[in-house]
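Enquirer: For reference, the sequence and a predicted model appear below.
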Amino acid sequence: MSIWVLLLWSCNTDELDDIKERIAALEAQELIKDSVIFESLTIDNQTTMNLMAGRGITNILGQLEIRNCNDISPLLGLKSVGSLYIETSGLTSLHGLENLEDVGYVDIYFDKDVDISALDGLESLDYISLYGNLPSTPMFKNLAFVSYINIYCESEDCILSGFEKIVQIEGLDISGNQKLSIQGFNNLLSVEHMYSQAYTLEISGFNKLATVQELYIFAENSVTGMNNLRQVYGDLLLDAQNVNNFLNKLSAIGGTFHINSYSDNNIKNFADLGFTNLESIGGIGIASPTIESLNGFDFSKSSLDEISFFDCPKLNDISALSSYSGEIEWLAIINTGLASLTGLENITAFRDGIEIHHNLQLGDMCAIKDIFDEIRYKNISENLINPIESADISGCN
(Lines give C-alpha, C1' and ligand atoms only; values in the text may rest on other atoms or scores of the structure.)
Protein backbone atom coordinates (compact mmCIF):
# COMPACT_ATOMS: atom_id res chain seq x y z
CA MET A 1 0.00 0.00 0.00
CA SER A 2 1.44 3.39 -1.04
CA ILE A 3 2.04 6.21 1.40
CA TRP A 4 -0.59 8.29 -0.44
CA VAL A 5 -3.24 5.61 0.11
CA LEU A 6 -2.33 5.37 3.82
CA LEU A 7 -2.56 9.12 4.24
CA LEU A 8 -5.93 9.34 2.47
CA TRP A 9 -7.35 6.45 4.48
CA SER A 10 -6.48 8.05 7.82
CA CYS A 11 -7.79 11.60 7.19
CA ASN A 12 -11.10 13.36 7.69
CA THR A 13 -12.85 15.14 4.77
CA ASP A 14 -11.15 18.53 5.17
CA GLU A 15 -7.73 16.95 5.53
CA LEU A 16 -8.44 14.70 2.58
CA ASP A 17 -9.32 17.67 0.34
CA ASP A 18 -6.14 19.44 1.43
CA ILE A 19 -3.99 16.40 0.68
CA LYS A 20 -5.65 15.95 -2.72
CA GLU A 21 -4.79 19.56 -3.55
CA ARG A 22 -1.21 19.02 -2.49
CA ILE A 23 -0.94 15.85 -4.58
CA ALA A 24 -2.36 17.70 -7.61
CA ALA A 25 0.08 20.53 -6.97
CA LEU A 26 3.04 18.15 -6.81
CA GLU A 27 1.93 16.53 -10.07
CA ALA A 28 1.56 19.92 -11.72
CA GLN A 29 4.95 20.98 -10.40
CA GLU A 30 6.53 18.35 -12.63
CA LEU A 31 5.07 20.15 -15.65
CA ILE A 32 5.87 23.73 -14.73
CA LYS A 33 9.62 23.57 -14.31
CA ASP A 34 10.33 25.45 -17.56
CA SER A 35 9.00 28.59 -19.25
CA VAL A 36 7.36 26.47 -21.96
CA ILE A 37 4.96 23.64 -21.08
CA PHE A 38 4.75 21.17 -23.92
CA GLU A 39 1.70 19.33 -22.61
CA SER A 40 -1.80 20.24 -21.44
CA LEU A 41 -2.12 21.54 -17.89
CA THR A 42 -5.11 21.26 -15.55
CA ILE A 43 -5.26 23.64 -12.60
CA ASP A 44 -8.22 22.60 -10.48
CA ASN A 45 -7.42 24.21 -7.12
CA GLN A 46 -5.86 27.39 -5.78
CA THR A 47 -2.83 25.59 -4.34
CA THR A 48 -1.80 24.49 -7.81
CA MET A 49 -2.59 27.92 -9.24
CA ASN A 50 -0.32 29.59 -6.69
CA LEU A 51 2.59 27.47 -7.89
CA MET A 52 2.46 29.37 -11.20
CA ALA A 53 3.47 32.65 -9.55
CA GLY A 54 6.93 33.92 -10.43
CA ARG A 55 7.94 30.88 -12.48
CA GLY A 56 8.27 32.75 -15.77
CA ILE A 57 5.93 30.45 -17.67
CA THR A 58 5.02 32.14 -20.96
CA ASN A 59 3.78 29.31 -23.19
CA ILE A 60 1.55 26.25 -22.82
CA LEU A 61 1.42 24.33 -26.06
CA GLY A 62 -1.52 22.17 -25.04
CA GLN A 63 -4.77 23.05 -23.28
CA LEU A 64 -4.86 25.07 -20.07
CA GLU A 65 -7.86 24.05 -17.97
CA ILE A 66 -8.81 26.19 -14.96
CA ARG A 67 -11.38 25.12 -12.37
CA ASN A 68 -12.13 25.72 -8.68
CA CYS A 69 -9.90 28.79 -8.36
CA ASN A 70 -10.64 32.20 -6.86
CA ASP A 71 -7.57 34.05 -8.14
CA ILE A 72 -5.76 33.42 -11.42
CA SER A 73 -3.36 36.38 -11.20
CA PRO A 74 -0.38 33.94 -10.97
CA LEU A 75 -0.85 33.52 -14.73
CA LEU A 76 0.10 37.13 -15.54
CA GLY A 77 3.26 36.08 -17.37
CA LEU A 78 1.38 33.77 -19.73
CA LYS A 79 1.46 34.86 -23.37
CA SER A 80 0.41 31.82 -25.37
CA VAL A 81 -1.76 28.71 -24.88
CA GLY A 82 -2.99 26.16 -27.38
CA SER A 83 -6.52 26.30 -25.97
CA LEU A 84 -8.11 27.73 -22.84
CA TYR A 85 -10.94 26.21 -20.81
CA ILE A 86 -12.26 28.04 -17.73
CA GLU A 87 -15.04 27.31 -15.25
CA THR A 88 -15.66 30.61 -13.46
CA SER A 89 -16.89 29.18 -10.14
CA GLY A 90 -15.07 31.12 -7.42
CA LEU A 91 -13.84 33.84 -9.76
CA THR A 92 -15.00 37.45 -9.99
CA SER A 93 -12.73 38.30 -12.91
CA LEU A 94 -10.17 36.78 -15.26
CA HIS A 95 -7.41 39.07 -13.99
CA GLY A 96 -4.20 37.25 -14.78
CA LEU A 97 -4.83 36.68 -18.47
CA GLU A 98 -4.19 40.27 -19.61
CA ASN A 99 -0.93 39.36 -21.34
CA LEU A 100 -2.30 36.53 -23.45
CA GLU A 101 -1.52 37.20 -27.09
CA ASP A 102 -1.94 33.84 -28.81
CA VAL A 103 -4.81 31.42 -28.12
CA GLY A 104 -6.40 29.04 -30.57
CA TYR A 105 -9.58 28.12 -28.72
CA VAL A 106 -11.39 29.80 -25.80
CA ASP A 107 -14.08 27.86 -23.91
CA ILE A 108 -15.65 29.45 -20.81
CA TYR A 109 -18.48 28.25 -18.58
CA PHE A 110 -20.03 31.05 -16.51
CA ASP A 111 -21.85 30.15 -13.30
CA LYS A 112 -22.37 33.90 -12.74
CA ASP A 113 -21.55 37.27 -14.30
CA VAL A 114 -17.76 37.51 -14.33
CA ASP A 115 -15.55 40.32 -15.62
CA ILE A 116 -13.66 38.93 -18.64
CA SER A 117 -12.10 42.21 -19.76
CA ALA A 118 -8.69 40.57 -19.24
CA LEU A 119 -9.28 38.90 -22.62
CA ASP A 120 -9.87 42.19 -24.43
CA GLY A 121 -6.28 42.16 -25.69
CA LEU A 122 -6.91 39.14 -27.88
CA GLU A 123 -7.11 40.08 -31.55
CA SER A 124 -7.32 36.68 -33.21
CA LEU A 125 -8.89 33.32 -32.29
CA ASP A 126 -9.95 30.19 -34.11
CA TYR A 127 -12.97 29.38 -31.96
CA ILE A 128 -14.93 30.82 -29.01
CA SER A 129 -17.42 28.88 -26.90
CA LEU A 130 -19.26 30.73 -24.11
CA TYR A 131 -21.90 29.02 -21.98
CA GLY A 132 -23.93 29.81 -18.86
CA ASN A 133 -24.82 33.12 -17.20
CA LEU A 134 -22.92 35.40 -19.52
CA PRO A 135 -21.65 38.91 -18.69
CA SER A 136 -23.90 41.73 -19.87
CA THR A 137 -20.90 44.01 -20.50
CA PRO A 138 -19.26 44.16 -23.96
CA MET A 139 -16.93 41.23 -24.60
CA PHE A 140 -13.80 40.73 -26.71
CA LYS A 141 -13.53 44.41 -27.60
CA ASN A 142 -10.42 44.07 -29.79
CA LEU A 143 -11.08 40.71 -31.39
CA ALA A 144 -10.91 41.19 -35.16
CA PHE A 145 -10.39 37.66 -36.51
CA VAL A 146 -12.27 34.53 -35.46
CA SER A 147 -13.58 31.57 -37.45
CA TYR A 148 -16.45 30.38 -35.27
CA ILE A 149 -18.38 31.62 -32.23
CA ASN A 150 -20.72 29.39 -30.23
CA ILE A 151 -22.72 31.06 -27.43
CA TYR A 152 -25.47 29.75 -25.19
CA CYS A 153 -26.88 32.08 -22.54
CA GLU A 154 -28.76 30.48 -19.64
CA SER A 155 -29.97 33.77 -18.09
CA GLU A 156 -33.69 34.50 -18.36
CA ASP A 157 -32.98 38.00 -19.69
CA CYS A 158 -29.70 37.88 -21.56
CA ILE A 159 -27.97 40.84 -23.19
CA LEU A 160 -25.07 40.02 -25.50
CA SER A 161 -22.82 42.87 -26.57
CA GLY A 162 -19.29 43.41 -27.81
CA PHE A 163 -17.40 41.74 -30.68
CA GLU A 164 -17.39 45.12 -32.43
CA LYS A 165 -14.20 44.70 -34.48
CA ILE A 166 -15.16 41.49 -36.24
CA VAL A 167 -15.85 42.11 -39.94
CA GLN A 168 -16.22 38.59 -41.29
CA ILE A 169 -16.86 35.21 -39.67
CA GLU A 170 -17.42 31.67 -40.88
CA GLY A 171 -19.90 30.45 -38.28
CA LEU A 172 -22.03 32.15 -35.64
CA ASP A 173 -24.26 30.18 -33.27
CA ILE A 174 -26.01 32.28 -30.60
CA SER A 175 -28.81 30.84 -28.46
CA GLY A 176 -30.58 31.74 -25.26
CA ASN A 177 -32.98 30.31 -22.76
CA GLN A 178 -35.77 32.90 -22.50
CA LYS A 179 -35.22 36.46 -23.78
CA LEU A 180 -32.05 37.00 -25.78
CA SER A 181 -31.02 40.48 -26.89
CA ILE A 182 -28.09 40.57 -29.31
CA GLN A 183 -26.66 44.08 -29.39
CA GLY A 184 -23.10 43.54 -30.63
CA PHE A 185 -21.37 42.63 -33.90
CA ASN A 186 -22.11 46.07 -35.34
CA ASN A 187 -19.19 46.07 -37.80
CA LEU A 188 -19.82 42.56 -39.10
CA LEU A 189 -20.29 42.60 -42.88
CA SER A 190 -20.73 38.95 -43.78
CA VAL A 191 -21.35 35.55 -42.19
CA GLU A 192 -21.16 32.12 -43.78
CA HIS A 193 -23.53 30.30 -41.41
CA MET A 194 -25.66 31.89 -38.69
CA TYR A 195 -27.96 30.17 -36.21
CA SER A 196 -29.88 31.88 -33.43
CA GLN A 197 -32.52 30.56 -31.04
CA ALA A 198 -34.43 31.83 -27.99
CA TYR A 199 -37.97 32.08 -26.71
CA THR A 200 -37.93 35.81 -27.48
CA LEU A 201 -35.20 36.96 -29.85
CA GLU A 202 -34.34 40.66 -30.18
CA ILE A 203 -31.54 41.33 -32.64
CA SER A 204 -30.65 45.02 -32.52
CA GLY A 205 -26.98 44.51 -33.41
CA PHE A 206 -25.51 43.56 -36.79
CA ASN A 207 -26.01 47.12 -38.03
CA LYS A 208 -23.77 46.62 -41.08
CA LEU A 209 -24.54 42.99 -41.86
CA ALA A 210 -25.76 42.91 -45.47
CA THR A 211 -25.27 39.28 -46.52
CA VAL A 212 -25.18 35.80 -45.03
CA GLN A 213 -24.71 32.45 -46.70
CA GLU A 214 -27.21 30.55 -44.53
CA LEU A 215 -29.51 31.84 -41.78
CA TYR A 216 -31.51 29.77 -39.28
CA ILE A 217 -33.80 31.55 -36.81
CA PHE A 218 -35.87 29.84 -34.10
CA ALA A 219 -38.04 31.95 -31.76
CA GLU A 220 -40.89 30.24 -29.96
CA ASN A 221 -42.40 33.63 -29.06
CA SER A 222 -41.15 36.36 -31.40
CA VAL A 223 -38.19 37.68 -33.36
CA THR A 224 -37.27 41.26 -34.31
CA GLY A 225 -34.33 43.01 -35.94
CA MET A 226 -31.65 42.35 -38.58
CA ASN A 227 -33.26 45.01 -40.71
CA ASN A 228 -30.15 45.85 -42.73
CA LEU A 229 -29.72 42.36 -44.14
CA ARG A 230 -30.22 42.42 -47.92
CA GLN A 231 -29.43 38.93 -49.13
CA VAL A 232 -29.25 35.32 -47.98
CA TYR A 233 -27.22 33.45 -50.58
CA GLY A 234 -28.28 29.99 -49.40
CA ASP A 235 -31.18 28.76 -47.26
CA LEU A 236 -33.22 30.82 -44.80
CA LEU A 237 -35.09 28.88 -42.14
CA LEU A 238 -37.58 30.81 -40.04
CA ASP A 239 -39.45 29.22 -37.14
CA ALA A 240 -41.17 31.88 -35.05
CA GLN A 241 -44.48 32.47 -33.34
CA ASN A 242 -44.53 36.13 -34.34
CA VAL A 243 -42.40 38.01 -36.85
CA ASN A 244 -42.37 41.72 -36.05
CA ASN A 245 -40.12 44.26 -37.75
CA PHE A 246 -37.71 41.55 -38.89
CA LEU A 247 -35.58 41.41 -42.07
CA ASN A 248 -37.43 44.42 -43.46
CA LYS A 249 -34.83 45.07 -46.18
CA LEU A 250 -34.31 41.49 -47.29
CA SER A 251 -34.61 41.35 -51.08
CA ALA A 252 -33.31 37.93 -52.13
CA ILE A 253 -32.96 34.37 -50.84
CA GLY A 254 -30.76 32.30 -53.13
CA GLY A 255 -31.66 28.95 -51.56
CA THR A 256 -34.88 27.60 -50.11
CA PHE A 257 -37.04 29.73 -47.84
CA HIS A 258 -38.16 27.38 -45.08
CA ILE A 259 -41.10 28.56 -42.98
CA ASN A 260 -41.41 26.11 -40.10
CA SER A 261 -43.61 26.02 -37.05
CA TYR A 262 -44.97 23.14 -35.04
CA SER A 263 -47.25 25.32 -32.88
CA ASP A 264 -49.92 27.92 -33.65
CA ASN A 265 -48.69 31.34 -34.72
CA ASN A 266 -49.90 34.44 -36.53
CA ILE A 267 -48.40 33.58 -39.92
CA LYS A 268 -51.21 32.63 -42.33
CA ASN A 269 -49.61 33.76 -45.59
CA PHE A 270 -46.57 35.54 -47.02
CA ALA A 271 -48.02 38.96 -46.30
CA ASP A 272 -47.98 38.22 -42.57
CA LEU A 273 -44.19 37.92 -42.67
CA GLY A 274 -43.82 41.60 -43.52
CA PHE A 275 -41.00 40.96 -46.01
CA THR A 276 -42.19 43.73 -48.30
CA ASN A 277 -38.84 44.08 -50.11
CA LEU A 278 -38.39 40.37 -50.85
CA GLU A 279 -38.34 39.86 -54.64
CA SER A 280 -36.86 36.42 -55.30
CA ILE A 281 -36.32 33.07 -53.62
CA GLY A 282 -34.65 29.84 -54.73
CA GLY A 283 -37.27 27.52 -53.30
CA ILE A 284 -40.14 27.32 -50.84
CA GLY A 285 -40.51 24.83 -48.01
CA ILE A 286 -43.32 25.21 -45.49
CA ALA A 287 -44.21 23.10 -42.45
CA SER A 288 -46.81 24.99 -40.44
CA PRO A 289 -50.19 24.33 -38.78
CA THR A 290 -51.40 27.88 -39.49
CA ILE A 291 -50.35 28.71 -43.06
CA GLU A 292 -53.37 29.00 -45.35
CA SER A 293 -52.02 30.42 -48.60
CA LEU A 294 -49.00 31.92 -50.35
CA ASN A 295 -50.75 35.24 -50.92
CA GLY A 296 -48.54 38.28 -50.59
CA PHE A 297 -45.61 37.18 -52.75
CA ASP A 298 -44.96 37.45 -56.49
CA PHE A 299 -42.91 34.46 -57.64
CA SER A 300 -42.24 35.84 -61.14
CA LYS A 301 -38.64 36.93 -60.36
CA SER A 302 -37.73 33.71 -58.56
CA SER A 303 -35.81 30.70 -59.80
CA LEU A 304 -37.27 27.81 -57.85
CA ASP A 305 -35.42 24.54 -57.21
CA GLU A 306 -38.03 23.03 -54.93
CA ILE A 307 -41.58 23.48 -53.68
CA SER A 308 -42.42 21.62 -50.51
CA PHE A 309 -45.41 21.65 -48.15
CA PHE A 310 -45.39 19.28 -45.20
CA ASP A 311 -47.92 19.04 -42.36
CA CYS A 312 -49.88 22.14 -43.40
CA PRO A 313 -53.49 21.10 -42.62
CA LYS A 314 -54.88 24.61 -43.21
CA LEU A 315 -53.10 25.21 -46.51
CA ASN A 316 -55.91 25.41 -49.09
CA ASP A 317 -54.58 27.78 -51.76
CA ILE A 318 -51.29 27.83 -53.69
CA SER A 319 -52.63 29.85 -56.62
CA ALA A 320 -49.96 32.54 -55.99
CA LEU A 321 -47.47 30.11 -57.57
CA SER A 322 -49.11 30.74 -60.96
CA SER A 323 -46.86 33.81 -61.22
CA TYR A 324 -43.90 31.43 -61.56
CA SER A 325 -43.05 29.94 -64.95
CA GLY A 326 -40.31 27.39 -65.60
CA GLU A 327 -38.84 24.11 -64.39
CA ILE A 328 -38.25 23.03 -60.80
CA GLU A 329 -36.26 20.16 -59.33
CA TRP A 330 -38.71 18.74 -56.82
CA LEU A 331 -42.32 19.02 -55.63
CA ALA A 332 -43.54 17.61 -52.31
CA ILE A 333 -47.08 18.07 -51.00
CA ILE A 334 -47.72 15.99 -47.90
CA ASN A 335 -50.57 16.20 -45.41
CA THR A 336 -52.13 19.51 -46.46
CA GLY A 337 -55.66 20.86 -46.80
CA LEU A 338 -55.33 21.39 -50.55
CA ALA A 339 -58.22 20.37 -52.80
CA SER A 340 -56.55 21.56 -56.00
CA LEU A 341 -53.05 22.05 -57.44
CA THR A 342 -54.09 25.28 -59.13
CA GLY A 343 -51.00 27.47 -59.16
CA LEU A 344 -48.68 24.85 -60.68
CA GLU A 345 -50.02 25.17 -64.23
CA ASN A 346 -47.04 27.21 -65.49
CA ILE A 347 -44.39 24.78 -64.30
CA THR A 348 -42.88 23.09 -67.34
CA ALA A 349 -41.00 20.19 -65.71
CA PHE A 350 -40.28 18.52 -62.40
CA ARG A 351 -36.74 17.34 -63.09
CA ASP A 352 -36.28 15.05 -60.07
CA GLY A 353 -39.89 14.15 -59.47
CA ILE A 354 -42.93 14.70 -57.26
CA GLU A 355 -44.20 13.36 -53.96
CA ILE A 356 -47.89 13.96 -53.27
CA HIS A 357 -49.61 11.98 -50.53
CA HIS A 358 -51.89 12.12 -47.49
CA ASN A 359 -53.88 15.07 -48.85
CA LEU A 360 -57.36 13.78 -48.15
CA GLN A 361 -59.19 16.59 -49.99
CA LEU A 362 -56.94 16.71 -53.05
CA GLY A 363 -59.10 15.73 -56.04
CA ASP A 364 -57.95 18.21 -58.69
CA MET A 365 -54.54 17.69 -60.30
CA CYS A 366 -55.37 19.32 -63.61
CA ALA A 367 -52.57 21.87 -63.18
CA ILE A 368 -49.93 19.19 -63.80
CA LYS A 369 -51.82 16.96 -66.27
CA ASP A 370 -49.99 18.17 -69.40
CA ILE A 371 -46.56 17.20 -68.05
CA PHE A 372 -47.67 14.35 -65.80
CA ASP A 373 -46.46 11.51 -68.04
CA GLU A 374 -43.05 13.14 -68.45
CA ILE A 375 -42.35 13.17 -64.72
CA ARG A 376 -39.60 10.64 -64.08
CA TYR A 377 -40.39 9.83 -60.44
CA LYS A 378 -43.86 9.95 -58.90
CA ASN A 379 -44.95 8.97 -55.39
CA ILE A 380 -48.70 9.62 -55.24
CA SER A 381 -50.97 7.99 -52.66
CA GLU A 382 -53.56 8.59 -49.95
CA ASN A 383 -55.15 11.54 -51.78
CA LEU A 384 -58.74 11.90 -52.99
CA ILE A 385 -57.39 10.87 -56.41
CA ASN A 386 -54.16 9.00 -57.04
CA PRO A 387 -53.41 9.03 -60.77
CA ILE A 388 -50.87 6.71 -62.32
CA GLU A 389 -50.90 8.40 -65.74
CA SER A 390 -52.32 11.61 -67.17
CA ALA A 391 -55.44 9.81 -68.45
CA ASP A 392 -56.44 9.25 -64.82
CA ILE A 393 -56.73 13.01 -64.30
CA SER A 394 -60.22 14.03 -65.45
CA GLY A 395 -62.62 16.95 -65.26
CA CYS A 396 -60.09 19.44 -66.63
CA ASN A 397 -61.01 22.36 -68.88
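Expert: Thanks, I have the structure now.
Enquirer: How about Glu156, nearest residue that isn't a chain neighbour?
Expert: Nearest non-adjacent residue to Glu156, counting by C-beta to C-beta, 6 or more residues apart in numbering: Gln178, 4.3 Å away. All C-beta atoms are positioned from the backbone trio N, CA, C, and that covers glycine.
Enquirer: Model confidence for the residue positioned nearest the centre of the chain, exactly?
Expert: Geometric centre of the chain, nearest residue: Tyr195, 2.0 Å, by C-alpha atoms, centre = their mean. According to the prediction, Tyr195 has pLDDT 97.
Enquirer: Now for it: which residues touch it?
Expert: 172-175, 216 (C-beta atoms under 8 Å, 6 or more residues apart in numbering).
Enquirer: Quickly note the distance from it to Asn265.
Expert: Tyr195 sits 20 Å away from Asn265, going by C-beta to C-beta, to the nearest Å.
Enquirer: likewise Val243?
Expert: 8 Å.
Enquirer: Give me the pLDDT value at the closest residue in space to Met139 that isn't next to it in sequence.
Expert: With C-beta to C-beta, 6+ apart as the measure, Gly162 is the residue that lies nearest to Met139, at 3.7 Å, once sequence neighbours are left out. Gly162 is assigned a predicted lDDT (pLDDT) of 94.
Enquirer: My reading is that the residue nearest to the centre of the chain lies in a helix. Confirm?
Expert: No. Secondary structure assignment (DSSP: H, G, I helix; E, B strand; the rest coil) places Tyr195 in strand, not in a helix.
Enquirer: partners of it in the sheet?
Expert: Taking DSSP bridges as the rule, Tyr195 bridges to Asp173, Tyr216.
Enquirer: among the helices and strands of this protein, which one scores worst on average pLDDT?
Expert: helix 3-9 (a mean of 36; mean pLDDT, DSSP states H and E).
Enquirer: rewinding a little: from Asp235, how far off is the residue nearest to the centre of the chain?
Expert: Distance from Tyr195 to Asp235, by C-beta to C-beta: 12 Å.
Enquirer: and for the two, which residues touch both?
Expert: Contacts common to Tyr195 and Asp235, judged by C-beta under 8 Å, 6+ apart, are Tyr216.
Enquirer: Tell me what the closest residue in space to Gln168 that isn't next to it in sequence is bridged to.
Expert: Nearest residue to Gln168, sequence neighbours excluded (C-beta to C-beta, 6+ apart): Ser190, at 5.3 Å. Beta bridges link Ser190 to Gln168, Thr211, judged by DSSP bridges.
Enquirer: cool, Phe257 as well?
Expert: Leu236, Ile284.
Enquirer: and Phe206, what is it in contact with?
Expert: By C-beta under 8 Å, 6+ apart, Phe206 lies in contact with 182, 185-186, 188, 225-226, 228-229.
Enquirer: for this protein, which spans come out with low pLDDT?
Expert: For the chain, the stretches with pLDDT under 70 are 1-34, 262-264.
Enquirer: Domain boundaries for it, per the record?
Expert: For the chain, automatic domain parsing gives the domain ranges 1-122, 128-250, 257-263+280-397.
Enquirer: Asn379 reaches Glu355, doesn't it?
Expert: Yes. Between Asn379 and Glu355 there is a contact under C-beta atoms under 8 Å: 4.4 Å.
Enquirer: Looking at these two, which has the bigger crowd around it?
Expert: Per other C-beta atoms under 10 Å, whichever of Asn379 and Glu355 has more neighbours is Glu355, with 18 against 11.
Enquirer: thought the residue nearest to Gln168 was touching Leu215?
Expert: No. Ser190 lies out of contact with Leu215 (C-beta under 8 Å); the separation is 11.8 Å.
Enquirer: In terms of neighbours, single out the busier of those two.
Expert: Neighbours were counted for Ser190 and for Leu215 using other C-beta under 10 Å; Leu215 has more, 25 against 16.
Enquirer: Tally up the residues packed near Gly353, please.
Expert: For Gly353, using other C-beta under 10 Å, the count is 14.
Enquirer: what do you get for the one 5 residues further on?
Expert: By the measure other C-beta under 10 Å, the count of residues near His358 is 14.
Enquirer: just wondering, since we're on it, how far is it from Asn133?
Expert: His358 is 45 Å from Asn133, by C-beta to C-beta.
Enquirer: what does Leu384 give?
Expert: 55 Å.
Enquirer: more crowded one of the two?
Expert: Using other C-beta under 10 Å as the criterion, Leu384 and Asn133 rank with Asn133 on top: 18 against 13.
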